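Chemist: A predicted structure for the sequence below; I have some questions about it.
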Amino acid sequence: DAGVIQSPRHEVTEMGQEVTLRCKPISGHNSLFWYRQTMMRGLELLIYFNNNVPIDDSGMPEDRFSAKMPNASFSTLKIQPSEPRDSAVYFCASSGGVGKLFFGSGTQLSVL
Amino acid sequence: AQKVTQAQTEISVVEKEDVTLDCVYETRDTTYYLFWYKQPPSGELVFLIRRNSFDEQNEISGRYSWNFQKSTSSFNFTITASQVVDSAVYFCALSEEGYSTLTFGKGTMLLVSP
């Protein structure tokens, strides 16, 4: 299996622009997670989907962030408009069982 | 609410030394799962181990060993005879029963020098 695939690996954008991060989970996994990693706050859960349905989005910072999972093999995390404080590494992970998450390589986002 | 504390932010050792990474957790559940993940300089998070709360038996895998003690709410990780390739950030994490997400500690950066 190819593992969790995220794109792009790096994204540099200007404040105010829309950013879309993409994730393809491992085939057969029914849970998908978006995490954000920063030096100050560590790894934070943004949103969690089970069977394509958002279960917990309490970690989504504000209305500028939105996530979708239109089918079992694809998810997006969108930030509109982006701000410099959104700069972080965004990880997507998928799981077929309790807690054993498989992570993608992450997207390094820099908002200037 | 669940919480994971990794008090050691950074540890530096010389190759071949043994090193223990501490992890203390808080949860109100009686059934839960504990994890360790490794994040090497490449950035990807790599799963190392999962233990459930009913299994307090210590585990050894090569140079890695884990000591789970419910009495002190700790799940410590020891690397024996450390190697330069062990240099990474190590995260301890907790998942409560019926809830698939992980709560991570802040991580411990391990630097192994030759």
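Modeler: That came through, no problem.
Chemist: any low-confidence regions in chain A?
Modeler: A:1, A:98-99 (pLDDT under 70).
Chemist: middle-most residue in it, spatially?
Modeler: With distances taken as CA atoms, centre = their mean, the residue of chain A nearest its centroid is residue A:34 (3.4 Å).
Chemist: Surely that residue is in contact with residue A:90?
Modeler: Yes - assessed by CB atoms under 8 Å, residue A:34 is found in contact with residue A:90 at 6.6 Å. (C-beta placed from N, C-alpha, C; glycine too.)
Chemist: which residues do these two both contact?
Modeler: Both residue A:34 and residue A:90 are contacted by A:46, A:77, under the criterion CB atoms under 8 Å, 6 or more residues apart in numbering or on different chains.
Chemist: Return the residues in contact with residue 20.
Modeler: Just so you know, I chose chain A. Each residue near residue A:20 by CB under 8 Å, 6+ apart is listed here: A:76-78.
Chemist: Chain B, not that one
Modeler: Residue B:20 makes contact with B:76-79, according to CB under 8 Å, 6+ apart.
Chemist: Find the least confident helix or strand in chain B, judged by mean pLDDT.
Modeler: Ranked by mean pLDDT, DSSP states H and E, the helix or strand of chain B with the weakest confidence is strand B:59-61, at a mean of 85.
Chemist: helices or strands next to that strand in the packing?
Modeler: With contacts taken as 3 or more CB pairs under 8 Å, 6 or more residues apart in numbering or on different chains; DSSP states H and E, strand B:59-61 sits against strand B:46-52, strand B:64-69.
Chemist: Run through the bridge partners of the closest residue to residue A:84 other than its chain neighbours.
Modeler: When the adjacent residues along the chain are set aside, residue A:84 lies closest to residue A:111, with 4.9 Å between them (CB to CB, 6 or more residues apart in numbering or on different chains). The partner list for residue A:111 in beta bridges (DSSP bridges) reads residue A:13.
Chemist: Contact partners for residue A:111?
Modeler: Counted by CB under 8 Å, 6+ apart, residue A:111 has contacts A:13-15, A:17, A:19, A:82-87.
Chemist: who wins for most neighbours among these?
Modeler: Across these, the neighbour count under other CB atoms under 10 Å in any protein chain shown reaches its highest value at residue A:82, namely 23 neighbours.
Chemist: Report the buried members of the contacts of residue A:20.
Modeler: When those are checked for burial by 16 or more other CB atoms under 10 Å in any protein chain shown, the buried set is residue A:77.
Chemist: From the contacts of residue A:20, pick the one nearest chain B.
Modeler: Closest to chain B out of these is residue A:77 (15.6 Å), distances taken as CB to the nearest CB.
Chemist: Any part of the strand or helix carrying the closest one near chain B?
Modeler: Assigned by DSSP states H and E, residue A:77 falls within strand A:74-79. No - using CB under 8 Å from any CB of the partner chain, strand A:74-79 stays clear of chain B, coming no nearer than 15.0 Å.
Chemist: Show me which residues of chain B sit near chain A.
Modeler: Proximity of chain B to chain A is confined to B:33, B:35, B:37, B:42-47, B:50, B:91, B:93, B:95, B:100-107 under the rule CB under 8 Å from any CB.
Chemist: Narrow those residues to those in strands?
Modeler: Residues of the residues of chain B next to chain A located in strands (DSSP state E): B:33, B:35, B:37, B:46-47, B:50, B:91, B:93, B:95, B:103-104.
Chemist: okay, those residues in JSON lines with pLDDT next?
Modeler: Supplementary listing: those in JSON lines, determined by pLDDT from 0 to 100:
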{"residue": "B:33", "pLDDT": "91"}
{"residue": "B:35", "pLDDT": "93"}
{"residue": "B:37", "pLDDT": "96"}
{"residue": "B:46", "pLDDT": "92"}
{"residue": "B:47", "pLDDT": "91"}
{"residue": "B:50", "pLDDT": "90"}
{"residue": "B:91", "pLDDT": "97"}
{"residue": "B:93", "pLDDT": "94"}
{"residue": "B:95", "pLDDT": "90"}
{"residue": "B:103", "pLDDT": "91"}
{"residue": "B:104", "pLDDT": "93"}
